[in-house]
Every structure is written in C-alpha cells, then in structure tokens.
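Undergrad: Any chance you can model this:
(one chain, ligands or ions: 1)
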Amino acid sequence: MKKQFSNSIQMLGYIYEASKFRIFFAVINAILQSVNPVLIIIIIQQSITMLMSGDENSLYSLGFFLLICVAINAVIIIYGGWYRLIYGVHSDFKIKKSIQQKVYLKIQSIDISAFDDPQFYSVYTRAVNETSSRAINVLSTFTNLLRSILTFIGVIYILISLDAVIIAFVVISIVLSILLNGFQNKISYKYDREQTKNIREQEYVGRLFYLSQYAKDIKFFNLYGYFTDKFRHSIDNQDTVRKKYDKKLTLVDILQNAVQVLTVLATIFYLGWKFVIGSIVIADFATLLNASQELGGTIQQIFMFLPQTANNSMYIDDLNEFLNYKSTIEKDGGITPLPGRHVIEAKRLQFRYSSTSPLVLDKIDLCINPGEKIAIVGRNGSGKTTLIKILLRLYDPTSGIVEMDGKDYREYDVRSLRRRIGVVFQDFSCYASSVADNVLLRSVKSEKDEQTVVNSLKLCGLYEKVSALKNGIYTVLTKEFDEDGVIFSGGEMQKLAIARMFANDYDIIIMDEPSSALDPIAEYELNSKIIEAAANKTLIIVSHRLSTTKDADKIIYMENGRIEEMGTHKSLIELNGKYAELFNIQASKYYG
Ligand code: ADP
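TA: Here you go, the predicted structure:
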C-alpha cells in the first residue's frame with residue numbers, strides 16, 4: 001500500500017513539474033463539485049418546508065432562496081466548465097508533452113539488447129503508451145476521493161441530524177453490492193480470458209483489410225472470402241463463449257438491480273412508517289430519501305479509490321522499471337574520436353544474443369585498416385549482420401574486444417563513436433518526412449544543406465526523379481500525411497538510404513546488403529559510385545552476392561559465426577576453398 005501511494009505521489013510530482021497549478025485547480029474543482037449533491041438535498045428540503053409552512057410570503061422566500069442556490073450553482077458550473085474544457089485540456093497537453101519527453105529521452109539510453117528481451121519489451125511498450133494518461137488518471141483518482149469524502153461528510157451530517165438509522169440501510173446495500181461485484185468481476189475475468197483469442201483473431205482480420213501492406217496480396221489472391229470466413233468464425237466463437245456465461249452474468253446483473261430497488265423500497269417503507277407515526281415531517285421524508293441515495297453513490301466512489309490506486313500503481317511500476325533501466329552501452333562519457341582515418345580491430349571476439357542462446361560469433365580476429373575496402377560474405381545466418389552490429393557498438397562482445405585506434409570501444413563516448421560511422425542496414429528505415437530530411441537525417445537548416453542533399457541524390461542516381469516531383473527535395477515520403485507524398489520503389493528507397501552516406505561526413509561506411517533491391521546494372525553503377533565517393537574512407541560491404549564484392553581489398557568469408565577464409569578475391573579463388581565454391585555456384589547461375 002505504501003508503495004502504491006508513493007507511486008501515486010511520484011505521478012503527482014510529474015504533474016506539478018509539467019503544469020504548476022493543475023493540482024491546485026483540480027482540488028478547487030473537487031471541493032466545488034462536492035457541494036452540488038448536498039445543495040440539491042438542501043434545496044428539496046427547504047422548498048418543501050417553505051411551501052408547507054402556510055406563510056403567505058413563502059413563495060417569495062422560496063424564490064429568493066432558489067436565486068441564491070442558482071448563483072452558487074452557476075459558480076460551480078462555470079468553474080467546472082472552465083476547468084474541464086479550457087484549462088484542463090491545455091494542461092493535459094502540457095503534461096503529455098512533459099512526461100512523454102521524459103520517456104523519449106530515456107529511450108535513447110536503452111541498449112538495443114533490451115529489445116531482444118520480450119519481458120522488458122512489454123514493460124517498455126506499456127511505459128511508452130500509457131504513462132501520460134496514467135498521470136492524469138492518478139490525479140482524478142485523488143480528486144474523486146476528495147470530492148466523495150466532502151460530499152460524504154455533508155450527507156452524513158444531514159442524515160445524522162435527521163435519522164441515523166437510514167445509514168444502516170445504505171451500508172447493508174453497499175456490502176451486498178460489493179459482494180455481488182466481486183462475483184461479477186470473477187466471472188467477467190474468466191469470460192474475458194476465454195474471449196481474448198477470438199477477439200484478437202477478429203482484430204487481426206480487421207487489420208488485414210485496412211493495412212496497405214496486405215492490400216496487394218489479398219486483392220491479387222482474392223483472399224477476401226477466406227478471411228471473411230475467418231472473421232465469421234471468430235464472431236461465432238465469441239457468441240459460443242458468451243452463451244456459456246450468459247446465465248451467470250444476467251443473474252448477477254438482476255441481483256445487483258434488485259439490491260438497489262429493494263434498498264429504495266425498504267427506505268421508503270421505513271420512512272413512510274416514521275411519517276405515519278409522526279416522528280418526521282414530509283420535508284424530512286424527501287430529504288432522507290435523497291440523502292440515502294447520495295450516500296450510497298458516495299461510499300461506492302470512496303471504495304473505488306484503493307483498487308484504482310492499485311491499478312495505476314501497476315503501470316507506474318512499469319514506468320519505473322523502464323526509467324530505472326541501467327544501460328551498459330547507451331550512456332554519455334568517454335573519449336570523442338576525431339574525424340579522420342581509423343584502425344578497427346576485433347580480437348578473440350565471441351558473441352551470443354543472450355546467456356541461453358548459442359554462440360553467434362566465435363573466434364573472430366580481424367583488422368580493418370584505414371581506407372580499406374572490406375567485403376564480408378557468407379550464407380544467410382552466418383553472423384555477418386551480427387558482426388556489423390558489434391562494429392557499430394549496438395552490442396558489446398560476450399568476450400574478446402573491439403578496438404578503434406588501439407583503444408577499447410568501451411572507452412569512447414558511444415554517440416561520438418557512432419558519428420564517425422555511417423551505415424545502411426539491410427532493413428533500413430525511411431521516414432514519413434521530406435526527402436531532404438531523410439537524406440540529412442535532420443532538418444534542412446541552410447542553403448548549404450540543400451546543396452548537400454542535391455549532390456547526394458545526384459551521386460546515388462535519384463536526383464532526376466526527385467527534382468521532377470512537385471515539391472522537389474521537400475516532397476514528403478509516403479502518402480500517410482500528405483496527398484502529394486511520394487511512394488518510392490524498394491530500389492529507390494535503397495538509393496535514398498545510400499544518399500545518407502554521401503551527405504554526412506563519415507570516416508567509415510558500412511553497408512549491409514546495400515543493393516539487394518537493385519537490378520545488376522543499377523547495382524554495378526551504384527557500387528562504382530559508392531567506391532568512388534568512399535575513396536579515402538573505410539568501406540565495409542556485407543553481401544551474399546559475391547559478384548558485387550570481388551574487387552574488395554579484403555574479402556572475409558564467414559560460416560557458422562566464424563571467419564573461415566580471408567584474402568583478396570584472387571587469393572581466395574586460388575585457395576579453392578569455400579569462398580571459391582560459393583563464387584563458382586553463383587557465377588554459374590548468373591552466366592548460365
Ligand atoms: P547473417 O547476417 O549472416 O544472415 P545474422 O548475423 O543476421 O546472419 O544472424 C546470425 C544468427 O544470429 C542467426 O542464427 C540468427 O537467427 C541469430 N540472430 C540474429 N539476430 C538475433 C537476435 N536479435 N536475437 C537472437 N538471435 C539472433
């Protein structure tokens with residue numbers, strides 16, 4: 001409980017940080033809102049008393065009294081409206097911005113290996129998606145409690161001053177409601193669990209029908225009937241599960257309503273009896289009936305506080321686990337490598353993705369000299385991409401060491417280290433931003449930037465296409481946010497990713513299957529340009545198309561996580577080993 005409270009206080013702290021007066025105005029709102037139910041009870045009581053008094057001025061007194069009440073009510077309504085619809089909305093945005101920024105800032109320092117851990121990954125997604133709305137939830141949980149307690153005090157005061165026995169009726173009805181609620185929650189939980197698979201199946205089909213990535217296949221193979229059947233099947237299954245729980249859920253619902261109706265009836269009966277024996281007047285009758293109804297709702301609200309706090313707390317635990325994540329790689333500090341030529345060396349490198357998975361790299365010894373053109377080749381799954389990821393310090397070796405200019409990678413500031421290395425991943429990403437931003441990987445700030453973009457696009461052979469577009473280099477990629485957006489082919493996207501290598505001043509350029517989406521002529525042309533542009537730089541190309549890489553200064557042939565052969569194309573062919581075998585198979589396929 002203590003932890004749940006401290007979690008909530010932590011969230012209130014975040015709210016205070018983001019929007020200084022939010023809590024204050026929320027508390028005022030809760031206080032004002034708590035007055036309303038009590039005011040209504042008093043209006044009914046006073047109205048009947050005044051009208052029954054027989055006084056000839058009673059109508060005027062009533063009018064005056066109601067005017068005062070309307071004035072109070074107007075203040076409450078106007079303040080409530082301002083708080084909810086004007087102040088609250090803007091404050092929500094501020095809170096969302098501030099907390100989400102905190103989360104996004106932390107994301108930068110999450111090691112990529114954390115994404116391989118499904119448990120952490122789900123904590124992470126919940127933290128990213130839920131946090132800002134949870135903070136606002138925590139605030140309303142507290143203000144609801146405050147409002148309910150204040151109303152409770154007002155209503156209890158009225159009840160005690162008129163007839164405390166009524167409280168017993170309310171308490172009995174609430175105890176019964178809570179018991180029934182517990183029963184209902186148990187059934188609903190079981191029901192939801194059984195239904196989850198069917199609902200997910202239904203949602204999956206829904207996604208297939210609207211996500212553009214599936215549209216081509218589904219249309220071409222005319223899979224509509226197949227998936228509509230699946231959809232129907234999932235709905236039928238939901239119906240079957242529902243039938244299983246129908247009776248129990250209906251029975252509980254009837255009992256819950258019955259408890260409410262019976263409480264009202266018993267209260268009326270009891271109050272009627274008191275009226276008949278003359279111990280209360282008709283105004284008390286109405287007041288007690290109203291107050292007992294209000295008391296029930298208020299107590300239920302107060303009881304909601306603990307489960308709601310517990311629920312909020314679970315999400316805040318996730319957020320804290322996320323915020324307290326200790327990174328080993330993604331942190332600031334260390335040497336900043338200067339721009340220039342660098343020697344990269346891997347010594348006795350071993351790597352596994354997790355303590356339970358097999359070695360993916362083993363006994364890797366490798367020296368990459370400044371300006372060298374290196375090709376890493378080998379079959380799928382031989383560990384090429386993993387080796388690249390380690391050279392980029394996305395992962396640290398399990399054992400062994402990677403050095404730059406004789407110093408352990410870990411001695412460098414990781415972000416400065418990566419600023420020296422450009423990479424085009426096999427599964428590179430292009431973003432729904434302008435072509436120019438996609439090339440620079442930041443916003444265009446000057447004419448010089450524009451020129452850099454144009455030159456880079458020219459070098460990778462994409463400029464002709466881009467310059468013909470209505471908005472030129474400022475054309476947005478994809479049509480997701482802009483009707484004039486452009487959709488590039490796979491090959492064009494790859495060229496765009498490669499343009500980044502020309503636009504930024506990297507010392508080492510790494511390309512993982514850089515031209516797999518290009519035809520052989522385009523591939524040849526682009527490779528020549530890359531080699532030309534990277535004349536003074538170190539270039540590492542990963543490929544399983546060996547014709548691409550035969551001019552490299554050094555070819556590294558990998559198999560099962562090991563470097564099996566290393567040398568120039570000529571020396572490896574002469575060696576007549578595994579590289580030569582793979583090269584000959586590919587050459588025979590290519591040339592007939
Ligand atoms: P290549 O680039 O030569 O095709 P990879 O380096 O991608 O090979 O993969 C080498 C091995 O590592 C494969 O067996 C692959 O399944 C495994 N692997 C790759 N990424 C991960 C990961 N994130 N978690 C666990 N295993 C992985």
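Undergrad: pLDDT below threshold where in the protein?
TA: By pLDDT under 70, the low-scoring segments of the chain are 514-517, 588-592.
Undergrad: for the one residue sitting closest to the centre of it, helix, strand, or coil?
TA: Centroid-nearest residue in the chain: Asn129, 3.3 Å away (criterion: CA atoms, centre = their mean). In three-state terms, and counting by DSSP: H, G, I helix; E, B strand; the rest coil, Asn129 is helix.
Undergrad: Tell me how far it lies from Ile136.
TA: Distance, Asn129 to Ile136, by CB to CB, to the nearest Å: 14 Å. Heads up, the C-betas are built off the backbone N, CA and C, glycines and all.
Undergrad: what about the strands in the protein?
TA: Using DSSP state E, the strands of the chain run over 344-352, 359-368, 373-378, 399-404, 407-408, 421-424, 508-512, 538-543, 554-559, 562-567.
Undergrad: Make TSV from these and add mean neighbour count and distance to Tyr121 to it.
TA: Shown next, in TSV, are the strands of the chain (neighbours: other CB atoms under 10 Å; distance: least, CB to CB, whole Å):
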stretch	mean neighbour count	distance to Tyr121
strand 344-352	18	19
strand 359-368	18	20
strand 373-378	24	29
strand 399-404	17	26
strand 407-408	12	29
strand 421-424	22	23
strand 508-512	24	23
strand 538-543	24	26
strand 554-559	23	29
strand 562-567	17	30
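Undergrad: Looking at these, spot the one closest to Ala71.
TA: Between Ala71 and those, the shortest gap by CB to CB is with strand 421-424, which sits at 68.8 Å.
Undergrad: quick one on the thing from earlier: and of the strands of the chain, who's closest to Phe275?
TA: Closest to Phe275 of those is strand 344-352 (CB to CB; 82.1 Å).
Undergrad: got the contact list for Asp365?
TA: The neighbourhood of Asp365, defined by CB atoms under 8 Å, 6 or more residues apart in numbering, consists of Ala346, Lys347, Arg348, Leu349, Ile563.
Undergrad: what does this protein put close to the ligand?
TA: The chain comes close to the ligand at residues Asp116, Tyr353, Ser357, Val360, Gly378, Asn380, Gly381, Ser382, Gly383, Lys384, Thr385, Thr386, as judged by CB under 6 Å from any ligand atom.
Undergrad: change it to 5 Å
TA: Applying CB under 5 Å from any ligand atom, one finds that the chain approaches the ligand through Asp116, Tyr353, Val360, Asn380, Gly381, Ser382, Gly383, Lys384, Thr385, Thr386.
Undergrad: Just the buried ones from these?
TA: Tyr353, Val360, Ser382, Gly383, Lys384, Thr385, Thr386 (16 or more other CB atoms under 10 Å).
Undergrad: In CSV, list the residues you listed along with distance to Arg341.
TA: Putting these into CSV (distance: CB to CB, whole Å) gives the following:
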residue, distance to Arg341
Tyr353, 32
Val360, 30
Ser382, 29
Gly383, 27
Lys384, 24
Thr385, 25
Thr386, 26
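Undergrad: ok, of the residues you listed, which one's closest to Ile299?
TA: Each of these was scored against Ile299 by CB to CB, and Tyr353 proved nearest at 53.9 Å.
Undergrad: returning to that earlier point: so which of the residues of the chain next to the ligand are in helices?
TA: Residues of these located in helices (DSSP state H): Lys384, Thr385, Thr386.
Undergrad: wait, which of the residues of the chain next to the ligand is closest to Gln202?
TA: Nearest to Gln202 among these is Asp116, at 30.2 Å by CB to CB.
Undergrad: got the contact list for the nearest residue to that closest one once chain neighbours are set aside?
TA: Computed as CB to CB, 6 or more residues apart in numbering, the closest residue to Asp116 that is not its neighbour in sequence is Tyr353, at 5.8 Å. By CB under 8 Å, 6+ apart, the contact list for Tyr353 reads Ser113, Asp116, Val360, Tyr395.
Undergrad: Which residue does the stretch 101-250 of the chain have closest to the ligand?
TA: Asp116 (4.6 Å; CB to the nearest ligand atom).
Undergrad: wouldn't that residue be in contact with Thr356 here?
TA: No - counting by CB atoms under 8 Å, Asp116 stays clear of Thr356, with 11.3 Å between them.
Undergrad: Tell me how far the residue nearest to the centre of the chain lies from Ile541.
TA: In terms of CB to CB, Asn129 sits 38 Å off from Ile541.
Undergrad: and what of Asn527?
TA: Taken as CB to CB, the span from Asn527 to Ile541 is 8 Å.
Undergrad: roughly how far is stretch 230-241 from the heart of the chain?
TA: Between the centre of stretch 230-241 and the centre of its host chain there is 29 Å, according to CA atoms, centre = their mean, to the nearest Å.
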